[in-house]
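Enquirer: sequence-free structure coming up:
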């Protein structure tokens with residue numbers, strides 16, 4: 001399941017010899033390699049300003065994004081926000097490590113000063129207020145650089161979707177090989193970070209939509225424990241599984257961003273459940289040597305293909321060399337999870353999208369009106385030709401239906417048991433698995449080949465899942481995911497960071513137009 005036959009394993013010698021050039025913001029430092037602590041040190045010393053950093057990213061977007069198409073809309077106020085950060089620095093009133101840092105936001109997260117469309121032409125309007133997570137970013141001094149393209153309606157519209165395509169933004173490309181898919185639905189967020197179009201991006205996930213795009217683009221993505229980050233103002237699929245999380249080029253930037261994003265929100269009851277002992281600064285947990293003595297369960301998923309499996313063998317060797325004990329595992333109940341998840345999501349989407357649309361002053365007011373709009377707009381039928389999932393959701397049982405309630409209860413229970421029982425049986429700190437196979441070729445006529453089961457247990461259970469680059473199949477990235485118990489986000493970040501330290505895999509993209517045949 002999830003295997004893509006015929007993937008190109010290696011580049012030709014000519015392509016291998018193409019140099020990887022640093023992404024220079026100026027003559028002084030490599031924008032691609034710089035992390036937030038390094039940027040803050042430069043700004044503290046006067047060698048860089050927030051305006052200069054934001055200008056560098058805006059310039060890069062104008063020069064590079066024509067090939068990637070990750071940025072759906074720029075924020076006209078970005079430089080003004082950066083100037084305000086510089087003024088705070090001069091006054092010694094900085095708001096923390098994200099002050100002055102440019103952040104790209106997936107366009108299913110409400111921003112009161114820009115349209116929030118979920119990629120749909122039916123929703124081209126400004127919401128009345130910011131999502132809670134946007135308020136947290138603004139309060140931390142982050143520069144909202146703009147909105148990232150996404151798979152329309154977070155890939156929950158058509159039976160055969162093409163990840164990274166939306167009616168508003170068109171097709172986002174994988175910056176490593178441009179005719180390959182970036183995976184979905186946080187396609188623009190991950191591709192934008194990979195192409196150094198922002199320092200950090202915000203994605204969202206119901207099942208795989210942060211970690212798969214991050215794995216496909218050699219970036220770091222965290223799907224947090226459900227309830228750690230508020231979903232208020234994020235276009236929903238399912239309140240039982242949805243969450244938002246950060247994507248960056250390194251783990252420390254993800255950890256610092258999570259520290260800002262997390263927090264209780266009276267409008268999102270799930271946020272009342274996380275422990276008061278949860279860290280407030282996840283970056284402090286990222287210490288070298290964390291893997292020494294750790295026990296890691298390796299879930300290989302050989303169905304993702306021999307290239308991916310070879311990368312997992314290399315990852316296993318790196319984990320052992322770092323002092324970890326690696327045990328090969330297969331978490332139980334996977335077939336039953338696959339049977340139960342989709343019917344539950346149909347009911348939940350109908351319930352939750354109707355509630356969200358009621359908060360928007362313009363556009364369709366419910367799912368039935370969305371379906372009618374899509375039938376009337378030819379541009380909405382150019383790639384996501386169908387809207388079968390919308391139609392199935394409209395006809396799905398209501399959330400009071402006994403069959404739905406029983407199915408969701410079993411689904412959530414089995415997902416938690418799948419991870420909890422495996423962690424307990426082998427006395428594990430984490431379960432590691434391949435995040436993705438090498439990217440498939442983007443083709444609207446065929447749709448995606450993204451049945452990738454590794455994300456499902458953590459997504460359904462509401463447990464953390466963090467991916468970091470593990471290696472390359474030719475020029476195409478493959479990630480490795482670390483999943484653990486609920487609220488173990490800090491531990492997963494620390495393990496992932498130590499893996500990235502002992503087995504660094506990421507290289508910047510080369511924007512190859514295609515692969516040799």
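Expert: Arrived safely, thanks for sending. These numbers come from a predicted model, not from an experiment.

Enquirer: buried stuff in stretch 495-514?
Expert: By neighbour count with 16 or more other CB atoms under 10 Å, stretch 495-514 contains the buried residues 495-501, 503, 505-506, 508-510, 512. All C-beta spots, glycine's among them, are computed from the backbone N, C-alpha and C.

Enquirer: how about the residues you listed in JSON lines, adding distance to residue 466, secondary structure and pLDDT?
Expert: Below are the buried residues of stretch 495-514 laid out as JSON lines (distance: CB to CB, whole Å; DSSP: H, G, I helix; E, B strand; the rest coil; pLDDT from 0 to 100):
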{"residue": "495", "distance to residue 466": "8", "secondary structure": "helix", "pLDDT": "99"}
{"residue": "496", "distance to residue 466": "5", "secondary structure": "helix", "pLDDT": "98"}
{"residue": "497", "distance to residue 466": "9", "secondary structure": "helix", "pLDDT": "98"}
{"residue": "498", "distance to residue 466": "12", "secondary structure": "helix", "pLDDT": "98"}
{"residue": "499", "distance to residue 466": "10", "secondary structure": "helix", "pLDDT": "98"}
{"residue": "500", "distance to residue 466": "10", "secondary structure": "helix", "pLDDT": "98"}
{"residue": "501", "distance to residue 466": "14", "secondary structure": "helix", "pLDDT": "98"}
{"residue": "503", "distance to residue 466": "15", "secondary structure": "coil", "pLDDT": "98"}
{"residue": "505", "distance to residue 466": "15", "secondary structure": "coil", "pLDDT": "98"}
{"residue": "506", "distance to residue 466": "15", "secondary structure": "coil", "pLDDT": "98"}
{"residue": "508", "distance to residue 466": "21", "secondary structure": "coil", "pLDDT": "98"}
{"residue": "509", "distance to residue 466": "21", "secondary structure": "coil", "pLDDT": "98"}
{"residue": "510", "distance to residue 466": "26", "secondary structure": "coil", "pLDDT": "97"}
{"residue": "512", "distance to residue 466": "27", "secondary structure": "strand", "pLDDT": "98"}
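
Enquirer: Out of those residues, which is nearest to residue 304?
Expert: The shortest approach to residue 304 among those belongs to residue 505, at 16.7 Å (CB to CB).

Enquirer: List the buried residues for the helix or strand hosting residue 370?
Expert: Assigning secondary structure by DSSP states H and E places residue 370 in helix 367-376. By neighbour count with 16+ other CB under 10 Å, helix 367-376 contains the buried residues 367, 370-371, 373-374.

Enquirer: next one: the following helix or strand past that helix to chain centre, how far?
Expert: Downstream of helix 367-376, the next assigned helix or strand under DSSP H and E is helix 388-394. Helix 388-394 sits 25 Å away from the centroid of its parent chain (CA atoms, centre = their mean, to the nearest Å).

Enquirer: May I see the buried residues of helix 388-394?
Expert: 389-394.

Enquirer: ditto for stretch 351-363
Expert: Judged by neighbour count (16+ other CB under 10 Å), stretch 351-363 contains these buried residues: 351-354, 356-357, 360, 363.

Enquirer: and if you look at stretch 313-320?
Expert: 315-316, 318-319.

Enquirer: what's the average pLDDT for it?
Expert: In this model, stretch 313-320 has an average pLDDT of 98.

Enquirer: contacting residues for the residue nearest to residue 333 when sequence neighbours are not counted?
Expert: Nearest residue to residue 333, sequence neighbours excluded (CB to CB, 6 or more residues apart in numbering): residue 414, at 4.3 Å. Counting by CB atoms under 8 Å, 6 or more residues apart in numbering, residue 414 makes contact with 333, 336-337, 340.

Enquirer: And those, which is closest to residue 204?
Expert: Closest to residue 204, out of all of the contacts of residue 414 and judged by CB to CB, is residue 337, at 20.5 Å.

Enquirer: what about the closest one, neighbour count?
Expert: With neighbours defined by other CB atoms under 10 Å, the count for residue 337 comes to 23.

Enquirer: Same question for residue 261.
Expert: Neighbour number of residue 261 under other CB under 10 Å is 24.

Enquirer: Show me what the closest residue to it other than its chain neighbours is bridged to.
Expert: Excluding its sequence neighbours, the residue lying closest to residue 261 (CB to CB, 6+ apart) is residue 229, at 4.7 Å. Under the criterion DSSP bridges, residue 229 forms beta bridges with residue 262.

Enquirer: if we can go back for a sec, in terms of distance to residue 329, which of the buried residues of stretch 495-514 ranks first?
Expert: residue 495 (15.6 Å).

Enquirer: Might one say that the closest one is in contact with residue 293?
Expert: No: Residue 495 is beyond contact range of residue 293, at 11.4 Å (criterion: CB atoms under 8 Å).
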